[in-house]
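>>> Any chance you can model this:
(one chain, ligands or ions: 1)
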Amino acid sequence: MVKKEFKAESKRLLEMMVNSIYSQKEIFLRELISNSSDAIDKMYYKALTDDSISFEKDNYYIKVSADKENRILTITDTGIGMTKEDLENNLGIIAKSGSLTFKKENEAKDGHDIIGQFGVGFYSAFMVADKVTVVSRAVGSNEAYKWESEGAEGYTIEPVEKDSVGTEITLKIKENTEEETFDEYLEEYRLRGIIKKYSDFIRYPIKMDVTTSKPKEGSETEFEEFQEEQIINSMVPIWRKNKNELTTEDYENFYTEKHYGYDKPLTHLHLNVDGAVRYNAILFIPENIPFDYYSKEYEKGLELYSNGVLIMNKCSDLLPDYFSFVKGMVDSEDLSLNISREILQHDRQLKLIAKNIKNKIKSQLQNLLKDEREKYEKFYNSFGRQLKFGVYNDFGANKEDLKDLLMFYSSKEKKLVTLDEYVSRMPEDQKYIYYASGESNERIEKLPQTEIVGEKGYEILYFTDDIDEFAIKMLMNYKEKEFKSVSSGDLGIDEEDTQTQKDNEQSENRELLEYMKNILSSKVKDVRISKRLKTHPVCLSTDGEVTIEMEKILSAMPENQNIKADKVLEINSNHEVFQSLKVAFDNDKEKLSLFTNLLYNQALLIEGLPIEDPVDFTNDICKVMV
Ligand SMILES: Nc1ncnc2c1ncn2[C@@H]1O[C@H](COP(=O)(O)OP(=O)(O)OP(=O)(O)O)[C@@H](O)[C@H]1O
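As a prediction, this is how the structure comes out:
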């Protein structure tokens, strides 16, 4: 049986290519400049083995010029050029990449800087041009050829004169249509912007004639415009420079130039990794929270470059959500790009880089915490909440990574402390890591529930963020010490005498407490003699996992599932109020009902919970007064 080769309808193929691969038209310039850079690179590699070629870096450049009037954009390079056969093969056959062949042939000589590989980028010129003309003279040849095409209909090749080796690509820019303008690709400002965005780190100079102005001769007030050739690209990316030669200011300038933020970075990381996957990265932790950080509009991600050419503005896969505040870029030569260079073919390399980056950021933060406490606290005040979300999210999958980075305000130290610091200070008899939740440190400080723990001399962590308790519930314990809310049922504080005394009082006053519970009916699960109150008359505590703070947060959520804490009204039997309750129970049940409701509402207020009927409450107070 004869095996037949596939044929392709080249007209349709070109149309498809031109119109469906790329999502943005502006990348045509990136593709053409990358080709020119490849052509100069090839010259460089050739010079390594061919003594007749000398590679003087100054002679190699790319030039972009626009002629607005005639709608012509030209990209010229002094690279290796193309012979007639090269033009036929490389520009006449779609998906044939002379650069890929070159790279393979020169593998041993380290050809990995060459960008081209798919053999399609050139045709992106047809997205913005009606006609493309390529005039090229190959190195070592005296002949030059002109390749010309108007797209789908095919191309022509004919000999022409060209003084020097290299390639000149001329685009006849399309006329504007109702939907699209093409004029922009002839505007100096726009062209500079595109070059800066995608090709800033091409290693050869990209030149353009730029209009500037200077004072007119003999005048200080009048100016005249003139054209001046300028190099548009930065060429050497800061991330390829030697770390030791860079100052903090260099990094700060890069941060500002790249518009990573309006502030200054708090700290930076410069990585040159040469392992299973090679990459360079510069990462920043901003000083301030970006204004949209905690909004839906905020997009996390790092800039992704392949060989110095920008591939993606925000590659979100490079950062875990809990480090979404990190800004910066990654450049790798090991990425397998898809044909449009807009997405990646395989994400294995990306996953490796992301994992590596995650670990580096983590250790950078740990070092900051260890060596530059003040800076770390500044960072934590801005982004600590995000770390706590990280502990809670994904069912706690990342809690081990993050737990040592957490900090909470301490009742004793009156500042942020880490869990490690807390645990290392715990007296031997202290069983739990105690915490109290509330709106602010000032409010928590006054909570009656903190009395017994505080009096015992134990440190209490103050939870003022809505995520705090949820994160801690996910963490469960730290260094084998469980977390315990000061409002929870069993505080694990064993003062046997007091415990027994309170238990006795509980049974002695069972009827009174039972009666009060009935008055409050479904509002509380129980009314008890408190084991935690010392001076305050009353407080609320909870039985079970859901605390009052959690109830507040859950009920504020859009899908409110009406999850309630099992509230317990605790009465201080040492307080005079308790005597009044006893007397009322024996003599005046109506008064007891009044007192019970008052005490319950007071407990709600202390917790920062709304009272159900404020009018009733104020009327009750008046009843006591008269
Ligand atoms: N300015 C140039 N100088 C010399 N050769 C060039 C130039 N532009 C294109 N070529 C040749 O034409 C080939 C096809 O270019 P094209 O841009 O279509 O694909 P590529 O650069 O190889 O791959 P990719 O699609 O990944 O960019 C190149 O591989 C190169 O051999």
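
>>> When you work out contacts or count neighbours from here on, use the C-alpha atoms and nothing else.
Fine.

>>> can you tell if the helix or strand of the chain with the lowest mean pLDDT touches the ligand?
Within the chain, no helix or strand scores below helix 10-20, which has a mean of 76 by mean pLDDT, DSSP states H and E. No. On the criterion C-alpha under 6 Å from any ligand atom, helix 10-20 is out of touch with the ligand, staying 10.6 Å away.

>>> Is residue 303 located within a strand, as I assumed?
Yes. Under DSSP: H, G, I helix; E, B strand; the rest coil, residue 303 falls within a strand.

>>> which residues does it bridge with?
residue 329 (DSSP bridges).

>>> does it really touch residue 317, like I thought?
No. Contact between residue 303 and residue 317 fails when scored by C-alpha atoms under 8 Å: they sit 10.9 Å apart.

>>> So the two - more neighbours on which side?
residue 303 (20 against 15; other C-alpha atoms under 10 Å).

>>> what's the distance between that one and the ligand?
20 Å (C-alpha to the nearest ligand atom, to the nearest Å).

>>> residues contacting that residue?
Counting by C-alpha atoms under 8 Å, 6 or more residues apart in numbering, residue 303 makes contact with 310-315, 328-330.

>>> Name the nearest of the residues you listed relative to the ligand.
Of all the contacts of residue 303, the ligand sits closest to residue 311, with 12.2 Å by C-alpha to the nearest ligand atom.

>>> and the closest one, that's in a strand?
Yes. Per three-state DSSP, residue 311 lies within a strand segment.

>>> How about the contacts made by it?
Per C-alpha under 8 Å, 6+ apart, neighbours of residue 311: 198, 303-305, 341-343.

>>> circling back to that earlier point, for the least confident helix or strand of the chain, buried residues please.
When neighbours are counted by 16 or more other C-alpha atoms under 10 Å, the buried residues of helix 10-20 are found to be 14, 17-18.

>>> just checking, next helix/strand downstream of that helix?
Counting by DSSP states H and E, the element after helix 10-20 in chain order, helix or strand, is helix 27-49.

>>> and the next helix or strand after that next one, is it in reach of the ligand?
For helix 27-49, the succeeding helix or strand toward the C-terminus, using DSSP H and E, is strand 62-67. No. Using C-alpha under 6 Å from any ligand atom, strand 62-67 stays clear of the ligand, with a minimum separation of 9.3 Å.

>>> Now do the same contact list for residue 388.
406, 467-468, 471 are the contacts of residue 388 under C-alpha under 8 Å, 6+ apart.

>>> Please list which of those are also close to the ligand.
Applying C-alpha under 6 Å from any ligand atom, the subset of the contacts of residue 388 adjacent to the ligand is empty.

>>> Just confirm residue 212 is within a strand.
Yes. According to three-state DSSP, residue 212 belongs to a strand.

>>> my guess is it contacts residue 230, does it?
No. The criterion here is C-alpha under 8 Å, and residue 212 misses it with residue 230 at 10.3 Å.

>>> Looking at the stretch 501-626 of the chain, what residue ends up closest to the ligand?
For the stretch 501-626 of the chain, C-alpha to the nearest ligand atom, closest residue to the ligand: residue 558, 48.0 Å.

>>> Would you double-check that that residue falls in a strand?
No. Counting by three-state DSSP, residue 558 is located in no strand; its state is coil.

>>> I'd like the distance from it to residue 388, if you could.
21 Å (C-alpha to C-alpha, to the nearest Å).

>>> Which residues of this structure lie near the ligand?
31, 35-36, 39, 80-82, 90-91, 97-99, 116-123, 167.

>>> follow-up on the earlier one: quick one: buried ones out of the contacts of residue 303?
310-312, 314-315, 328-330.

>>> Farthest pair within the residues you listed?
Among those, the pair separated by the greatest distance (C-alpha to C-alpha) is 311 and 328, at 13.8 Å.

>>> Please save the CA atoms from the least confident helix or strand of the chain in PDB.
Provided in PDB are the C-alpha atoms of helix 10-20 (Å, rounded to 0.1, in the frame of the first residue of the first chain):
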ATOM      1  CA  SER A  10      -2.300  26.500   2.500                       C
ATOM      2  CA  LYS A  11      -4.500  29.500   2.000                       C
ATOM      3  CA  ARG A  12      -6.900  28.500   4.700                       C
ATOM      4  CA  LEU A  13      -4.100  27.400   6.900                       C
ATOM      5  CA  LEU A  14      -2.500  30.900   6.700                       C
ATOM      6  CA  GLU A  15      -5.800  32.600   7.400                       C
ATOM      7  CA  MET A  16      -6.400  30.300  10.400                       C
ATOM      8  CA  MET A  17      -2.900  31.000  11.700                       C
ATOM      9  CA  VAL A  18      -3.100  34.700  11.300                       C
ATOM     10  CA  ASN A  19      -6.500  35.100  12.900                       C
ATOM     11  CA  SER A  20      -6.900  32.500  15.500                       C
END
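
>>> Could I get the pLDDT score of the spatially most central residue of the chain?
Central residue of the chain (C-alpha atoms, centre = their mean): residue 324, 2.6 Å from the mean position. Residue 324 is assigned a predicted lDDT (pLDDT) of 96.

>>> Next, work out how far apart residue 293 and the ligand are.
Relative to the ligand, and taking C-alpha to the nearest ligand atom, residue 293 is found at 36 Å.

>>> I'd like to know how far that residue sits from residue 325.
8 Å.

>>> Of residue 212 and residue 230, give the one with the bigger neighbour count.
Under the criterion of other C-alpha under 10 Å, the comparison of residue 212 against residue 230 puts residue 230 first, with 14 against 11.

>>> and that one, bridged to which residues?
Where residue 230 sits in a bridge, its partners, by DSSP bridges, are residue 208.

>>> CA atoms only: put the helix or strand harbouring residue 553 into PDB for me.
Using DSSP H and E, residue 553 sits in helix 548-556. Coordinates of the C-alpha atoms in helix 548-556 are reproduced here as PDB (Å, rounded to 0.1, in the frame of the first residue of the first chain):
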ATOM      1  CA  ILE A 548     -20.000  33.300  69.800                       C
ATOM      2  CA  GLU A 549     -17.400  35.000  67.600                       C
ATOM      3  CA  MET A 550     -17.800  32.300  65.000                       C
ATOM      4  CA  GLU A 551     -21.600  32.600  65.200                       C
ATOM      5  CA  LYS A 552     -21.300  36.400  64.500                       C
ATOM      6  CA  ILE A 553     -19.100  35.800  61.400                       C
ATOM      7  CA  LEU A 554     -21.200  33.000  60.000                       C
ATOM      8  CA  SER A 555     -24.400  35.000  60.300                       C
ATOM      9  CA  ALA A 556     -22.800  37.900  58.400                       C
END
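
>>> I'd like the next helix or strand past that helix.
strand 566-571.

>>> Could you tell me the angle between that next one and helix 548-556?
140 degrees (axes from the mean of the first three to the mean of the last three C-alpha atoms, to 10 degrees).

>>> what packs against the helix or strand that residue 474 is a member of?
For residue 474, the element it lies in under DSSP H and E is helix 468-475. On a contact count with 3 or more C-alpha pairs under 8 Å, 6 or more residues apart in numbering; DSSP states H and E, helix 468-475 meets helix 373-396.

>>> residues of the helix it packs on that come out buried?
In helix 373-396, counting by 16+ other C-alpha under 10 Å, buried: 375-377, 379-380, 382-393, 396.

>>> Now the residue in the stretch 201-350 of the chain positioned nearest to the ligand: which helix or strand?
Going by C-alpha to the nearest ligand atom, the ligand is nearest to residue 339 of the stretch 201-350 of the chain, at 6.6 Å. Taking DSSP H and E as the definition, one finds residue 339 inside no helix or strand.
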